[in-house]
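Undergrad: show me how the following folds:
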Amino acid sequence: QVQLVESGRGLVEAGGSLRLSCAASGHTYSNFGMGWFRQASGKERRFVAAVDRSGQITYYANSVKGRFTISRDTAKNTVHLESDNLRVEDTAIYYCAATFNSVADLRKWSDYDYWGRGTQVTVSS
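TA: Model prediction:
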């Protein structure tokens, strides 16, 4: 069984920065594709960013491109999401996800096998 635990929740002002982390345990970390999704109140869950098994290929939603950076630390079994120049519309619960599927579309939430419980990010104006 794979466990994913997010950390880094917070309240920040617009224009500020926040770092989210997701620690994975229970299986060989390097076999996972990893992603971040978010869900704002009353809205569907949406893709934010993802990184493949190698850590070399990354994907970003257009809404966060140039502001967010995803990275993985294989030694610590952790994936990070650096969020800069935050906007009010970035307010959401952020979820970490992992997949064993080597051909998964890392931008699709339905292609993931495991999920964290989520962490709240609130951006104030």
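
Undergrad: show me what contacts the residue most central in space within the chain?
TA: With distances taken as Cα atoms, centre = their mean, the residue of the chain nearest its centroid is Trp36 (2.2 Å). Contact partners of Trp36, counting by Cβ atoms under 8 Å, 6 or more residues apart in numbering, are 20, 22, 48-50, 70, 79, 81, 94-97. Using the backbone N, CA and C atoms, a C-beta is placed for each residue, glycine as well.

Undergrad: can you tell me which of those residues has the most neighbours?
TA: Within these, Val79 tops the neighbour count with 29 neighbours, counted by other Cβ atoms under 10 Å.

Undergrad: can I assume it is in contact with Arg53?
TA: No. Using Cβ atoms under 8 Å, Val79 is not in contact with Arg53, being 11.4 Å away.

Undergrad: show me where this protein has strands.
TA: 3-7, 10-13, 18-25, 33-39, 46-51, 58-60, 68-73, 78-83, 92-99, 114-115, 119-124 (DSSP state E).

Undergrad: nearest to Lys108, of the ones you listed?
TA: Proximity of the strands of the chain to Lys108 was assessed by Cβ to Cβ; the nearest stretch is strand 46-51, lying at 7.3 Å.

Undergrad: what lies in contact with that closest one?
TA: Under Cβ under 8 Å, 6+ apart, the answer for strand 46-51 is 33-39, 57-61, 64, 68-72, 79, 81, 94, 106-109.

Undergrad: what mean pLDDT does it have?
TA: Mean pLDDT, strand 46-51: 97.

Undergrad: ok, stretch 113-125 next?
TA: For stretch 113-125, the per-residue pLDDT averages 96.
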